[in-house]
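> need a structure here:
(2 chains)
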Amino acid sequence: MLDFAVYSITIIAVWSILALSLNIQFGMTGLVNFGQILPFALGAYAAGIAASLGYPWWIGALAGLIAAPLIALLVIMPAQRLAQDYWALITLGAAEIFRLTVLNTPALTGGADGLIVPRIIDPVLAMTVAVAVLIVTFLLAQRISSSPYGRMLRVVREDEILASTLGRSPIRYQASVSVIAWMMAAAAGVTYAHITGYVAPSSFTVTETFIIWTAVILGGPGRNIGVIFGAAIIQLLGVSSRFIAQWIDLPPDLIANLRLASFGLVLVLMFLYRPQGLIPEAKQVHDAERD
Amino acid sequence: MLSATDITLSFGGFMALRGVTIEAKPGTVTGLIGPNGSGKSTLLNVIGGVYVPDSGELTLGNLPLPIGRPDKVAQAGIGRTFQVPRLAHRLTVFQNMLAGERDHCGERIADLLLRPGKVKAQEKQASKRATAMLERLGLGHKANDYAGSLSGGQQKLLTMGMLLMSDPAALLLDEPAAGVNPVLIEQQVALLKALRDEGRIIILIEHNMEMIANVCDHVFVLDGGQVIAEGTPAEIRGNETVIRSYLGQPANS
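Here you go, the predicted model:
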């Protein structure tokens, strides 16, 4: 039972980092990124490729944290002059291009077989590392949320033309927040690679992006603690469905599909009945007494 | 002096502006009137950088204004409001005001992480000015309400307040009185006169002729993308061409 708790916390921590990274892009800034699994994959593969070439772990981590923001800028450059809807298509496409490239370059990435990464053997240590990365990410996301920068991100979310009439260039905010968010997701990817000890393209499909989205929509777009809560619920639902599979006699792939269907149901219900999420974005109340 | 010289703009085959020239002096209110579709808002959009004109020049003081870059125009000291007020609806009135603060070090990641004291100091300073401005606009009691919950008239006042946070040299106002109750209109007129007396350039699009007569020093009348008349409000009121463009030809002519 303790092993199970340690495993669950580790997984929840990794997915919470991803949820936070999507939250500062979508929840705060309104960027519809349908390829948030891409920076996660970049981090994981940076760790994997560095390991396969015989470099120490921190070279892989550094490579992931440098590659992700660069690719972020490359991906959003064509989106600069496009409407919001196109962000979704471009990011979705970029993530798929990367996954398919990995599948077709076995010499470097191991192709469909994937790569072996040195694994953190002790589960408690793995959990500690994941939670530590989560804490750093959370503090950064909180600092952004409560700052003048976060306020301007929300102005961009509400109305880009308003932001420009206030003398700001919206794309600069969209680009900078993407860079930060992609670095967060890359950090999650590096951590994930060293926890599982293995990276393969099947871990980075559109479905995974969809799971991050479900966590954010469920928890509360724009609210950091909310999306962590959302990620926890979604991951616990996922883990517990494996137990259910043991009790009731259904084929495992059916259970896996039912799990995804239940996430879809969560999304639909939230959009219909509680679009602000379980823990909605907080109102920033100004106290004139403290000035 | 803010001047737009010989501005031409066409959308496909439609000539929205045909060589429009206007000037607005500091410490005066300049009115733009004309029937719907005459090109008033289009002209404001050209000055504000939303549209790129086919030809023409824009200058503020002696400097050319950036063309087609709303953010650069705003940085040059020109504030602009819209017919339908643009606000961050899901932020409070106070947060909207603070968003008007220009060059906030708290919007730079490096300062945010490395110099929290500096960020806090500027935020505090901006808060004081926002509080004072909200009191001046009569919105002090609404500071912590969501901007989206304000009435239409209050929203228009708030958008003006956000612009004034950056102390702009010029204000472009698109129908500030439309759909606003008479009490708030009086408040707006008083505010406009005070802003004029501070030496700002104010360009005003308005259909409310009482307000035009009340606050404008000079009026340009647009019709079909051209300036058809200009002068003081009293001169304009008696101008035959203007009466015809607003009311149509007399039946017996």
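> Would you state the strands of the stretch 101-250 of chain B in chain order?
Using DSSP state E, counting those that start in this stretch, the strands assigned to the stretch 101-250 of chain B run over residues B:170-174, B:201-205, B:218-223, B:226-231.
> want to throw these into JSON lines with mean pLDDT and mean neighbour count?
All C-beta atoms are positioned from the backbone trio N, CA, C, and that covers glycine. Putting those into JSON lines (pLDDT from 0 to 100; neighbours: other C-beta atoms under 10 Å in any protein chain shown) gives the following:
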{"stretch": "strand B:170-174", "mean pLDDT": "94", "mean neighbour count": "25"}
{"stretch": "strand B:201-205", "mean pLDDT": "95", "mean neighbour count": "25"}
{"stretch": "strand B:218-223", "mean pLDDT": "93", "mean neighbour count": "22"}
{"stretch": "strand B:226-231", "mean pLDDT": "90", "mean neighbour count": "17"}
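> Pick out the residue in the stretch 51-200 of chain A sitting closest to chain B.
The minimum distance from the stretch 51-200 of chain A to chain B, using C-beta to the nearest C-beta, falls at A:P148 (3.2 Å).
> That residue contacts B:Q95, doesn't it?
No - assessed by C-beta atoms under 8 Å, A:P148 is found out of contact with B:Q95, at 9.7 Å.
> How many neighbouring residues does B:L2 have?
Neighbour count of B:L2, defined by other C-beta atoms under 10 Å in any protein chain shown: 24.
> Give me the average confidence score over the longest helix along chain A.
For chain A, the helix with the greatest residue count under DSSP state H is helix A:170-196. Helix A:170-196 comes out with an average pLDDT of 96.
> Identify each buried residue in it, please.
Neighbour counts over helix A:170-196 (16 or more other C-beta atoms under 10 Å in any protein chain shown) mark A:170-171, A:173-196 as buried.
> residue boundaries of the helices in the chain?
Going with chain A. For chain A, the helices defined by DSSP H occupy A:2-22, A:37-52, A:57-76, A:84-103, A:106-109, A:123-145, A:148-158, A:160-165, A:170-196, A:206-219, A:224-247, A:252-273.
> that's the other chain; I wanted chain B
Secondary structure of chain B (DSSP H): helices at B:40-47, B:70-75, B:93-99, B:109-114, B:116-137, B:152-164, B:182-197, B:209-215, B:233-237, B:240-247.
> Save these as a markdown table, and put in mean neighbour count and distance to chain A too.
Converted to a markdown table, the helices of chain B look like this (neighbours: other C-beta atoms under 10 Å in any protein chain shown; distance: least, C-beta to the nearest C-beta, whole Å):
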| stretch | mean neighbour count | distance to chain A |
| --- | --- | --- |
| helix B:40-47 | 24 | 11 |
| helix B:70-75 | 22 | 4 |
| helix B:93-99 | 26 | 4 |
| helix B:109-114 | 14 | 5 |
| helix B:116-137 | 16 | 5 |
| helix B:152-164 | 23 | 7 |
| helix B:182-197 | 16 | 17 |
| helix B:209-215 | 17 | 22 |
| helix B:233-237 | 15 | 28 |
| helix B:240-247 | 14 | 30 |
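> In CSV: those, plus mean pLDDT.
Output for those, formatted as CSV (pLDDT from 0 to 100):
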stretch, mean pLDDT
helix B:40-47, 93
helix B:70-75, 94
helix B:93-99, 97
helix B:109-114, 93
helix B:116-137, 94
helix B:152-164, 92
helix B:182-197, 89
helix B:209-215, 87
helix B:233-237, 85
helix B:240-247, 75
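> Could you dump these into TSV and include distance to B:N62?
Below are these laid out as TSV (distance: least, C-beta to C-beta, whole Å):
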stretch	distance to B:N62
helix B:40-47	17
helix B:70-75	16
helix B:93-99	30
helix B:109-114	33
helix B:116-137	29
helix B:152-164	23
helix B:182-197	22
helix B:209-215	27
helix B:233-237	29
helix B:240-247	32
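> Quick one: closest of these to A:I97.
For A:I97, the closest of the helices of chain B is helix B:109-114, at 28.6 Å, according to C-beta to C-beta.
> Neighbours of the residue of chain B found nearest chain A, how many?
Closest residue of chain B to chain A, C-beta to the nearest C-beta: B:G106 (3.2 Å). Using other C-beta under 10 Å, B:G106 has 25 neighbouring residues.
> Kindly report the same for A:F243.
10.
> one step back: which of the helices of chain A is buried the deepest?
Across the helices of chain A, the average number of neighbours (mean count of other C-beta atoms under 10 Å in any protein chain shown) peaks for helix A:37-52, which reaches a mean of 27.
> and the stretch 51-200 of chain A, which of its residues are near chain B?
Residues of the stretch 51-200 of chain A lying close to chain B (C-beta under 8 Å from any C-beta of the partner chain) are A:143-144, A:147-149, A:151-152, A:154-155, A:157-159, A:161-169, A:176, A:180.
> returning to that earlier point: in a markdown table: the strands of the stretch 101-250 of chain B, plus distance to A:G48.
Shown next, in a markdown table, are those (distance: least, C-beta to C-beta, whole Å):
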| stretch | distance to A:G48 |
| --- | --- |
| strand B:170-174 | 56 |
| strand B:201-205 | 60 |
| strand B:218-223 | 65 |
| strand B:226-231 | 67 |
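> Make TSV out of these and add distance to chain A.
Output for the strands of the stretch 101-250 of chain B, formatted as TSV (distance: least, C-beta to the nearest C-beta, whole Å):
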stretch	distance to chain A
strand B:170-174	10
strand B:201-205	15
strand B:218-223	22
strand B:226-231	25
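> And these: which comes nearest A:T205?
strand B:170-174 (48.2 Å).
> Could you please name the strands the closest one pairs with and the direction of each pair?
Here strand B:170-174 is paired, per DSSP bridges, with strand B:78-80 (parallel), strand B:201-205 (parallel).
> Enumerate every residue touching residue 27.
Looking at chain A here, since you left the chain open. A:G27 sits next to A:V216, A:G220, A:P221, A:G222, A:R223, A:V227, A:E281 when contact means C-beta atoms under 8 Å, 6 or more residues apart in numbering or on different chains.
> That was the other one, I meant chain B.
Contact criterion C-beta under 8 Å, 6+ apart gives B:R196, B:D197, B:G199, B:R200, B:I201 as the residues in contact with B:G27.
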